[in-house]
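# Next input, structure requested:
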Amino acid sequence: MVLTGNNPVEVGLGTFDYAVYPEARGAKGYETYLTRNAVAVSELLQDAGYMTAMVGKWHLGGKAAGGQGPHEWGFDRTYAILSGGANHWNSGISLPNLNNPEHVEIAAKGKIPQETFYENGVKVKRPMGVYSDDLWTTKMIGFLEEARKADKPFFAYVAFTTPHAPVQAPDYLIDKYVDYYYQLGYEGLKKARWQSQVKKGIIPSDAPMPSWSSNPLVQSWDDLSEDQKRRKARTMATYAAMMESQDSNIGSLLNYLEETGRRDNTLIIYMSDNGPEGQDTKGALANATIAGWINTVSNPTIESIGGGDNYAFLGTELANASTGGYSWWKWFIGEGGVRVPLIIVPPTNSQMARQGLMTDKFAAIKDIPSTILDYAGVKHPGDNYNGRAITPPSGVSIRPFLEGKSDRVRTDDQWHAFELFGNGYVVSGDFKAMKVRTGMWGDGKWHLYDIRKDPGETTPLEENMPTKLDDLVAIYERYLTERRVVPVQEDWSPWQ
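Residues are numbered from 1 along each chain as shown. Alright, predicted model coming up:
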């Protein structure tokens, strides 16, 4: 979505490559790699004379998974992994892909399959002992320096692999956070996050906090043993350290732009990809095969958490705590899974009326490429790119809103729909209609929420606003039909 402005099922990514439900195998839109049904913003900017560069996580296909890597999608310079994540200190994988026979064979022997790194499409050896943030940042600065010396405008796509599992970070960043998270515990952390979100104006001052007990998958901090508490506190501290590291490396990129005089005419967009990871090595969100592998290859000591020989997960409870005033987390369609921060820093010579302001207006990830093209002055080709039929994107430019020419990014008619694992939602204005299968702890029924006033989705509104719900459900059903979305069995679980 962030590269094409299209809905995932329109470009082969109706589900993840490692979690394809049986009915979707072989179906159009479920190829599990980025298909040529769209054009990427990198291709259009490359055509317009930009030097285009990408580092980090691709996860849109490659030779093994089908599809093509970033060097074949309009990027002049790339240094990337084609999968969804990797060890942050060495060339080990993030997790075994159980659909990859080679991974299964190596993992069955109690060993760690190795990740493949590519530079400009060619396999390279990753330097050992270099933290992932530092690796990606150093490579990108090198690419940007090439563009500067060639006196070319640039498009940089920096896809950090932090804070993706495994949870690993430098020790000196971890240690200062451990006691803080130990003292808060699960419930205390969720409350502290909610209070911080309210204080900073991220959510309304009267937004209710989802109760800890309302989620059926989490246990209480007091149910843990002392050893378990220490282990979880260090895990959360490592997660925080991953974000501090990323923040520092983003600072390095900004410093480079400042020192080279390119900051003044650079548009910067920063965002996360989803909510925190709730997969675990125990409980309902554990896959037995993967959990067994982790227990075999991972250093079991608490002190090792953060190092390259430890494969810690954030886990279910810490994911729930991390979202504060939101509900659920990654893989789920509650706001804790799909609402992410978006920061847009304009070129200093632009006319951005909302410079320095925060907003709660809704925008979709697929609006990012339209915004980039708008500022670059590059027109999208619509339904045909170099003689190839493509699906026009449904993203809209955020620029009119940023410059004060519109009071919101999307009108009510510019709704946004999303489906994953048979769960779906549609947003129009401030309202979100949502349905979650019983196989993923929903009730299989439609509910309506005002996600501006109630971002935690604590109070369903369908009884008071049945017509509004019916209208949104009709939009969603039309979306499914027009895009040939494959239904999912009610009891199917992506973790099994």
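
# number of nearby residues for the nearest residue to residue 327 once chain neighbours are set aside?
Closest residue to residue 327 apart from its sequence neighbours, by Cβ to Cβ, 6 or more residues apart in numbering: residue 334 at 4.0 Å. Backbone N, C-alpha and C define where each C-beta goes, glycine included. As a burial measure, residue 334 scores 26 neighbours (other Cβ atoms under 10 Å).

# And residue 255, by the same measure?
Residue 255, neighbours per other Cβ under 10 Å, totals 12.

# pLDDT averaged over stretch 345-360 - what is it?
For stretch 345-360, mean pLDDT is 86.

# whoops, I mixed them up, stretch 99-108
92.

# same question, stretch 489-496
91.

# what does it contact?
Outside stretch 489-496, the residues that touch it by Cβ atoms under 8 Å, 6 or more residues apart in numbering are 16, 19, 21-23, 279, 284-287, 331, 421-422, 437-440, 444.

# Repeat that for stretch 248-267.
So stretch 248-267 is contacted by 133-134, 136-137, 140-141, 144-145, 148, 156, 158, 160, 268, 270, 344-350, 372, 375 (Cβ under 8 Å, 6+ apart).

# same deal with stretch 282-295?
Residues contacting stretch 282-295 (Cβ under 8 Å, 6+ apart): 95-96, 98, 107, 110, 217, 278-281, 311, 313, 316, 441, 495-496.

# what about 7 Å?
95-96, 98, 107, 217, 278-281, 311, 316, 495-496 (Cβ atoms under 7 Å, 6 or more residues apart in numbering).

# what's the span of stretch 438-455 from first residue to last?
Stretch 438-455 has an end-to-end distance of 22 Å (Cα to Cα, to the nearest Å).

# model confidence over that stretch, on average?
Per-residue scores along stretch 438-455 average to 97.

# Report the buried residues of it.
Neighbour counts over stretch 438-455 (16 or more other Cβ atoms under 10 Å) mark 439, 440, 442, 446, 447, 448, 449, 450, 451, 452, 454, 455 as buried.

# Let me see the ranges of the helices in the protein.
41-47, 101-108, 132-149, 171-174, 178-199, 226-259, 288-297, 316-322, 335-338, 367-376, 399-402, 466-482 (DSSP state H).

# Tally up the residues packed near residue 306, please.
Neighbour number of residue 306 under other Cβ under 10 Å is 25.

# quick one: the closest residue to it other than its chain neighbours and residue 86, what's the gap?
Spatial nearest neighbour of residue 306, chain neighbours left out: residue 238 (4.5 Å); criterion: Cβ to Cβ, 6+ apart. Using Cβ to Cβ, to the nearest Å, we find residue 238 at a distance of 16 Å from residue 86.

# Let me see the ranges of the strands in this protein.
Along the chain, the stretches classed as strands by DSSP state E are 51-57, 77-81, 117-119, 122-124, 154-159, 268-271, 342-345, 384-385, 388-389, 416-420, 423-428, 431-435, 446-450.

# pLDDT (mean, whole number) over stretch 62-81?
According to the model, stretch 62-81 has a mean pLDDT of 91.

# domain ranges for this structure?
As given by automatic domain parsing, the domain ranges for the chain are 8-414, 415-496.

# and the longest one, how far from the chain's centre?
Between the centre of domain 8-414 and the centre of its chain there are 4 Å (Cα atoms, centre = their mean, to the nearest Å).

# Just give me the residue right at the centre of the protein.
The chain has residue 273 as the residue nearest its centroid, 1.7 Å off, counting by Cα atoms, centre = their mean.

# which intervals of this structure have sub-threshold pLDDT?
64 (pLDDT under 70).

# What is the neighbour count of residue 137?
24.

# what about the residue lying closest to it once chain neighbours are set aside, how many residues close to it?
Closest residue to residue 137 apart from its sequence neighbours, by Cβ to Cβ, 6+ apart: residue 249 at 4.2 Å. Residue 249: 23 surrounding residues under other Cβ under 10 Å.

# Start at 27, not 1
Will do, 27 is the new start, and the previous item becomes residue 275.

# Pull up the gap between residue 275 and residue 265, please.
16 Å.

# In a markdown table: the domains of the chain, plus distance to residue 28.
A markdown table is the format used below for those (distance: least, Cβ to Cβ, whole Å):
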| stretch | distance to residue 28 |
| --- | --- |
| domain 34-440 | 5 |
| domain 441-522 | 14 |
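
# show me the residues around residue 199 that make contact.
Here residue 199 is in contact with 267, 270, 271 (criterion: Cβ under 7 Å, 6+ apart).

# Just the buried residues from those, in ChimeraX please.
The ChimeraX selection below is limited to those of the contacts of residue 199 classed as buried (16+ other Cβ under 10 Å):
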select :267,270,271
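
# Can you tell me which of the contacts of stretch 308-321 are buried?
121, 122, 133, 243, 304, 305, 306, 307, 337, 342.

# Closest to residue 420 out of those?
residue 304 (28.9 Å; Cβ to Cβ).

# Look up the closest residue to the closest one, ignoring the ones flanking it.
Residue 304 sits nearest to residue 345 (Cβ to Cβ, 6+ apart), 3.7 Å away.

# and the gap between that neighbour and residue 195?
Relative to residue 195, and taking Cβ to Cβ, residue 345 is found at 17 Å.

# do residue 488 as well
Look at residue 488 and residue 195: by Cβ to Cβ, they are 43 Å apart.

# The two - which one has more neighbours?
Using other Cβ under 10 Å as the criterion, residue 488 and residue 195 rank with residue 195 on top: 28 against 17.

# Give me the neighbour count for the residue nearest to residue 201 when sequence neighbours are not counted.
In space, and not counting its chain neighbours, residue 201 is closest to residue 263: 7.5 Å by Cβ to Cβ, 6+ apart. Residue 263: 24 surrounding residues under other Cβ under 10 Å.

# go on, residue 293?
17.

# same check, this time on the one 3 residues further on
Applying the criterion other Cβ under 10 Å, we find 12 residues in the vicinity of residue 296.

# Could you report the separation of it from residue 264?
Relative to residue 264, and taking Cβ to Cβ, residue 296 is found at 22 Å.

# Output stretch 359-373 as CSV, restricted to C-alpha atoms.
Provided in CSV are the C-alpha atoms of stretch 359-373 (Å, rounded to 0.1, in the frame of the first residue of the first chain):
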residue,chain,number,x,y,z
ILE,A,359,-8.1,-5.1,13.1
GLY,A,360,-8.8,-3.2,16.4
GLU,A,361,-7.2,0.2,16.5
GLY,A,362,-4.2,-1.2,18.4
GLY,A,363,-3.4,-3.3,15.4
VAL,A,364,-4.1,-0.8,12.5
ARG,A,365,-3.8,2.7,13.9
VAL,A,366,-0.2,4.0,13.7
PRO,A,367,1.6,7.3,14.1
LEU,A,368,2.3,9.4,10.9
ILE,A,369,4.7,12.3,11.0
ILE,A,370,5.1,14.5,7.9
VAL,A,371,7.9,17.1,7.8
PRO,A,372,7.6,19.4,4.8
PRO,A,373,10.4,21.0,2.8
